[in-house]
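Enquirer: Structure for this input, please:
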Amino acid sequence: MKVMPDNFLWGASHSAYQYEGAAQEDGKKLSQMDVNNYNTGFSDASVASDGYHRFREDIALMKECGFTAHRFSFSWSRVFPDGVGNVNPEGIQFYDEFIDELLKNGIEPLPTLYHYDMPMALVDKYGGWIDRQSVDDFTAYAKFMINRYKDKIKHWITVNEQSIIVEFWTKKNYIPEEYLQNPQIKYQINHHMNLAQAKACKLVHELVKDGKAGAAIGYSPIYGLDSSPKNMLAMLNAEDLKNHFFLDIYFKGQYPKGAMSYLKEKNIAPTILEGDMDVIKEGYSDFLGVNYYASKCVKYPDESLTEIIDAKSNLSGKKGDMGAYELMPDFYQYLKNPRAETNDWDWTVDPTGMEYLLRDIYQRYEIPMIITENGYGAHDVLTEDERVHDDYRIDYWKTHLKSVYCAMELGVEVFGFLPWSFVDVLSTSNGYNKRYGMVYVNREDKELLDLKRIKKDSFYWYQNVIKTRGACLFEE
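Expert: Numbers count the residues shown, from 1 in each chain. Coordinates of the predicted model:
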């Protein structure tokens, strides 16, 4: 029988600003994502899914589903409203109770220290991650949190999706206007995050008995449009800058030479001070969290397109979603894959990509991985009898889980599946118009309604997957 190992972790994921709400309640102050999500035409993070008040109800549903683990994130500005200084007692009490409730229900907590939500106080003070002071302030925050929960939590996720933060740097950060036309800033932000995450990893190794630390990467396998030599070269270029640029830091303690040479040529490489790379090497990662939604496709840049598109605007990160092209002059150009299916938001649906990336990463680094995000955003419809028939989401997860199993059969170490998300959460770009959860939250973008939790068809399906340890995936 095809089954996952006994100790395989089953659960789901959410982030603080997309789930908790209570954005300025009980001493919490705003984060940059609270501000970025305000007045977008969709719902904001002020209430979100109201997890701050309803987490016990949600954890009871997790237990009913059979969860053995749950990934969440701490809100830095809930614990330290000003980013530094005094701890907010109500904020830390919330996380005390949240973690204890998970443990009481037999669910292992896997916290993320940073999921986009830099305290706005530090953005106002010095520009957030743009300034090196952010490294010290994050380290102080991380040390407090790790010390607080070192006896209850063994797996620590440091930073979420640095690759996405770089690619969409004006959406995942609050960037002061004077920096918006300077694309070097996004690589400087990334370098400061690399220092911060390395220091957090080192703290876990020093403070937590048998503690393990690692980042969660937003990862897309990249295919060449065809097998022509130029397009295969573009694929290699994109892999170097979009994937290896981040993972080589975590597991080799260095930036890939090809990507850095390109960034230096374009005058957008980060400033690296003496001793920085030693800090990064010391803060090695034990595992990798993989956030996978869609693969990408590239071709070698078209000269006529290079003339049409303002490269500086393209480098600024203002281009849109997964389906839009991105151009890195003389390096690669994203485009829609003509051989792949897409969803309502033009994101590629590619379960084969899951096996491809797991095998590719493991071959390069030989490190254990856990799926920390994987999901299908859709316009879910609540029927009159309060049901949500999300067969499309079930099919998405079923095919992706099969790919995880195939990779494991070939020797890849994967120790858990924590898809996005358990309850519906605030979508960064699309509010509650775009839903990911296996539990429906009864609210709309403009109306809170009663926020009732309603189990979707995918909840019952996932419950059976966990119960059978994945064996039901292979039933005809």
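Enquirer: C-terminal to the helix ranked longest in the chain, what's the next element?
Expert: The single longest helix within the chain, with elements called by DSSP state H, is helix 184-207. Downstream of helix 184-207, the next assigned helix or strand under DSSP states H and E is strand 212-218.
Enquirer: packing partners for that following strand?
Expert: The contact analysis (3 or more Cβ pairs under 8 Å, 6 or more residues apart in numbering; DSSP states H and E) places strand 212-218 against strand 155-160, helix 162-167, helix 184-207, helix 245-252, strand 288-291, strand 369-373. C-betas here are computed from N, CA, C, even on glycine.
Enquirer: rerun at 10 Å
Expert: strand 108-114, strand 155-160, helix 162-167, helix 184-207, helix 245-252, strand 288-291, strand 369-373 (3 or more Cβ pairs under 10 Å, 6 or more residues apart in numbering; DSSP states H and E).
Enquirer: strand partners of it, parallel vs antiparallel please.
Expert: Strand 212-218 sits in its sheet next to strand 155-160 (parallel), strand 288-291 (parallel), going by DSSP bridges.
Enquirer: how far off strand 108-114 does the first one point, in degrees?
Expert: With axes from the mean of the first three to the mean of the last three Cα atoms, to 10 degrees defining the directions, strand 155-160 sits at 30 degrees from strand 108-114.
Enquirer: Averaged pLDDT, strand 155-160. What do you get?
Expert: Averaging pLDDT along strand 155-160 yields 97.
Enquirer: Put the alpha carbons of that strand into PDB.
Expert: Below are the C-alpha coordinates for strand 155-160, written out as PDB (Å, rounded to 0.1, in the frame of the first residue of the first chain):
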ATOM      1  CA  HIS A 155      10.900  23.500  14.300                       C
ATOM      2  CA  TRP A 156      11.400  27.200  13.600                       C
ATOM      3  CA  ILE A 157      10.700  28.900  10.300                       C
ATOM      4  CA  THR A 158      12.700  32.100  10.100                       C
ATOM      5  CA  VAL A 159      11.700  34.200   7.000                       C
ATOM      6  CA  ASN A 160       8.900  33.600   4.600                       C
END
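Enquirer: Name the nearest residue to residue 352, sequence neighbours excluded.
Expert: Leaving aside its sequence neighbours, residue 352 sits nearest to residue 403 (Cβ to Cβ, 6 or more residues apart in numbering; 6.4 Å).
Enquirer: That neighbour sits in which helix or strand?
Expert: helix 391-409.
Enquirer: Following that helix in sequence, what is the next regular element?
Expert: Per DSSP H and E, the helix or strand that comes after helix 391-409 is strand 414-417.
Enquirer: CA atoms of that next one as PDB?
Expert: Provided in PDB are the C-alpha atoms of strand 414-417 (Å, rounded to 0.1, in the frame of the first residue of the first chain):
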ATOM      1  CA  VAL A 414       9.900  15.400   2.800                       C
ATOM      2  CA  PHE A 415       8.600  15.400   6.300                       C
ATOM      3  CA  GLY A 416       5.200  17.100   6.100                       C
ATOM      4  CA  PHE A 417       2.400  18.700   4.000                       C
END
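Enquirer: which helices and strands sit right next to the helix or strand that it is followed by?
Expert: Counting by DSSP H and E, the next helix or strand C-terminal to strand 414-417 is strand 439-441. Here strand 439-441 touches helix 51-65, strand 453-455, helix 457-467, going by 3+ Cβ pairs under 10 Å, 6+ apart.
Enquirer: Would you confirm that residue 219 contacts residue 357?
Expert: Yes: counting by Cβ atoms under 10 Å, residue 219 touches residue 357, with 5.7 Å between them.
Enquirer: Common neighbours of the two, please.
Expert: Here residue 219 and residue 357 have 243, 290, 292, 295, 369 as joint contacts, going by Cβ atoms under 10 Å, 6 or more residues apart in numbering.
Enquirer: For the second one, give the beta-bridge partners.
Expert: Which is residue 290. Going by DSSP bridges, residue 290 forms beta bridges with residue 217, residue 371.
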